[in-house]
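Q: no sequence on this one, just coordinates:
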């Protein structure tokens, strides 16, 4: 089982997303986790009354602790995550905390150092909170060193929920402009597809797993959004880092904004792949 013993849930009252709160309850119940709810006071905030509001019956029997900090939201979340040795940070994508997480390379260094993954609720919410479940997990693999990082969380997550696992890989573009418009180089497309298929086969053999495969080409966020739709994925696991100012190279923030499901961004291996 994945070591998700403690979940840090930064919440901005009274506008907190019910979806990510519901998702936190599902994970906590599944893994027997404690949830640390963090409310950060900023600027002239003087009251914490909203932080005591009830969370609903789905949190019955789940260990809950509430914390209040004052300061900059992202740094407060990072500090509490370090102090509490959190195994997972869950946040809504439209919060101040999430926006501040995108600033500067220091945040990325802290997250990589702690190894704490960040679960971001769906940026484009299409399902009601009550409809969320983990039945299909999509794992983005670049077929480089980060593939093992993503698999180390996606494989045991899928196993724990009894979910179908699909590995998704995005090759480089196969289109080119020519007289009259856009063309697809079919020979190049087949070569890229065959190479990716073989490498994914070797990756699965090495990891001791058997998963479905989705291979596309072109814009990474767009193709992964397509993969989410075709595989009916409830969760995307990726080793792309959306934090720290490297968005153009990692595609992380673009992925979070493009797919209609929660995204789990992982920083380093934290669990055995073989199940």
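A: It's in. Only a predicted model underlies this, so the values are computations on that prediction, with no experimental measurement involved.
Q: Tell me how far residue 97 lies from residue 72.
A: Separation of residue 97 from residue 72 (C-beta to C-beta, to the nearest Å) stands at 9 Å. Backbone N, C-alpha and C define where each C-beta goes, glycine included.
Q: between the two, who's got more neighbours?
A: Counted by other C-beta atoms under 10 Å, residue 97 and residue 72 do not tie: residue 97 has more neighbours, with 21 against 16.
Q: For the helix or strand that one falls within, what is the distance to the chain centroid?
A: Using DSSP states H and E, residue 97 sits within helix 96-101. Here the centre of helix 96-101 is set off from its chain's centre by 15 Å, with C-alpha atoms, centre = their mean, to the nearest Å.
Q: Packing partners of that helix?
A: helix 73-84, strand 88-91 (3 or more C-beta pairs under 8 Å, 6 or more residues apart in numbering; DSSP states H and E).
Q: chain center to stretch 150-164, what's the gap?
A: On the basis of C-alpha atoms, centre = their mean, stretch 150-164 sits 13 Å off its chain's mean C-alpha point.
Q: wouldn't residue 116 be in contact with residue 87 here?
A: Yes. Look at residue 116 against residue 87 with C-beta atoms under 8 Å: they come within range, at 6.7 Å.
Q: that older thread, need the overlap of contacts for residue 97 and residue 72.
A: Shared contacts of residue 97 and residue 72, defined by C-beta atoms under 8 Å, 6 or more residues apart in numbering, comprise residue 40.
Q: buried sites along the helix ranked longest in the chain?
A: As assigned by DSSP state H, the longest helix anywhere in the chain is helix 186-207. Within helix 186-207, the residues scored as buried using 16 or more other C-beta atoms under 10 Å are 188, 192-193, 196, 200, 203-204, 207.
Q: Out of the residues you listed, which comes closest to residue 37?
A: Residue 37 lies nearest to residue 207 out of the buried residues of helix 186-207, by C-beta to C-beta, at 35.1 Å.
Q: Surely the closest one touches residue 150?
A: No. Residue 207 is beyond contact range of residue 150, at 10.8 Å (criterion: C-beta under 8 Å).
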